[in-house]
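>>> this one's structure only:
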């Protein structure tokens, strides 16, 4: 029997850079950033910094990938001899992408397609794709790679802090965080993505600096001295991201860590002040 040829796909919310995509041949379907005078493919036609610069005059809306883009990619993969596809999607609790992709996958019965609801987003979703890609490169089977994605997700905690919830509110992505932040007291929620894949408050602290302290303490409480990998995600302050990564290495028993800028489509909803930490078991 011929060996299955397995393709790995995710969407642009995964916030993977070009080098990461190329390392494991990860295909990326772009979500869309929509302005009054036109729309852009996330991470293809527009950058996060361009989104932040234009926020002074217009806050765009966002939309899931075009179904036609997924159809075109699956058709291309089938023509190239691929028999299996692992497609890791942004959380179904935050986007309609997962349900759309499932509908498209049903139109390709000759392909074996596992559509994964990551129940996470940003570089945490990217980590799932990278981890899966690494395993496939080492010769794992389709079933082993799929199971690995779910195992990594189960051992993951993704948290972030914002200086303002304005953009989450305007974008309708506030989830279970509404009402937590006290403007006068400068209470900042430490937001995480819960098991249902929606935003929820993990803790709160007074001021942005204290919120970062609390975020690190929450990671320490969850993982203790367990060996972990970490990733830091940011909006427009790479210096703050580097500082947080260094603190994570000091606080946790880390094997490795890296920094990622959030994708434009997610930057629309978080604004430029985003700073987040993803911690996951070093399997």
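Structure received. Note that the coordinates shown come from a computational prediction; the quantities given were computed from them, not determined experimentally. Residues are numbered from 1 along each chain as shown.

>>> what about the strands in the stretch 101-250 of the chain?
Along the stretch 101-250 of the chain, the stretches classed as strands by DSSP state E, counting those that start in this stretch are 112-117, 156-161, 187-193, 199-206, 227-234.

>>> Sheet partners, orientation included, of the last one?
When pairs are called by DSSP bridges, strand 227-234 turns out to pair with strand 253-261 (parallel), strand 275-281 (antiparallel).

>>> Among those strands, which comes closest to residue 213?
strand 275-281 (11.8 Å; CB to CB). Backbone N, C-alpha and C define where each C-beta goes, glycine included.

>>> can you put the strands paired with strand 227-234 in TSV and add distance to residue 114 and mean neighbour count?
Below are those laid out as TSV (distance: least, CB to CB, whole Å; neighbours: other CB atoms under 10 Å):
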stretch	distance to residue 114	mean neighbour count
strand 253-261	24	16
strand 275-281	20	24
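
>>> any chance of these in a markdown table, plus mean pLDDT and distance to residue 222?
Shown next, in a markdown table, are those (pLDDT from 0 to 100; distance: least, CB to CB, whole Å):
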| stretch | mean pLDDT | distance to residue 222 |
| --- | --- | --- |
| strand 253-261 | 97 | 12 |
| strand 275-281 | 97 | 7 |
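
>>> so can I have JSON lines of the ones you listed showing distance to residue 192?
What follows is these, written out as JSON lines (distance: least, CB to CB, whole Å):
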{"stretch": "strand 253-261", "distance to residue 192": "17"}
{"stretch": "strand 275-281", "distance to residue 192": "9"}
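
>>> how about those, which one is nearest residue 223?
For residue 223, the closest of these is strand 275-281, at 6.0 Å, according to CB to CB.

>>> Can you name the residues in contact with that closest one?
122-124, 127, 152, 155-162, 212, 215-216, 219, 222-223, 226-235, 237, 240-241, 244, 248, 252 (CB atoms under 8 Å, 6 or more residues apart in numbering).

>>> 7 Å instead?
Identification of contacts with strand 275-281 by CB atoms under 7 Å, 6 or more residues apart in numbering yields 122-124, 127, 152, 155-161, 212, 215, 219, 223, 226, 228-234, 240-241, 244, 248, 252.

>>> List only buried entries from these.
Using 16 or more other CB atoms under 10 Å as the burial test, these include 122-124, 127, 152, 156-161, 212, 215, 219, 223, 228-234, 240-241, 244, 248, 252 as buried.

>>> Out of the strands of the stretch 101-250 of the chain, which is closest to residue 12?
Per CB to CB, nearest to residue 12 of the strands of the stretch 101-250 of the chain: strand 227-234, 13.9 Å.

>>> can you state the direction angle for that closest one and strand 156-161?
Angle, strand 227-234 to strand 156-161, by axes from the mean of the first three to the mean of the last three CA atoms, to 10 degrees: 30 degrees.

>>> Now tell me what touches strand 227-234 from outside.
15, 122-123, 127, 160, 240-241, 244-245, 248, 252-262, 274-282.

>>> helix/strand/coil for residue 49?
Three-state assignment for residue 49 (DSSP: H, G, I helix; E, B strand; the rest coil): helix.

>>> who's in contact with it?
Residue 49 sits in contact with residue 236, where contact means CB under 7 Å, 6+ apart.

>>> For the residue nearest to residue 226 when sequence neighbours are not counted, give the beta-bridge partners.
Counting by CB to CB, 6 or more residues apart in numbering, residue 226 lies nearest to residue 253, which is 6.4 Å off, once chain neighbours are set aside. On the basis of DSSP bridges, residue 253 is bridged to residue 227.

>>> what about residue 253, distance to residue 228?
According to CB to CB, to the nearest Å, residue 253 and residue 228 sit 6 Å apart.

>>> same check, this time on residue 203
19 Å.
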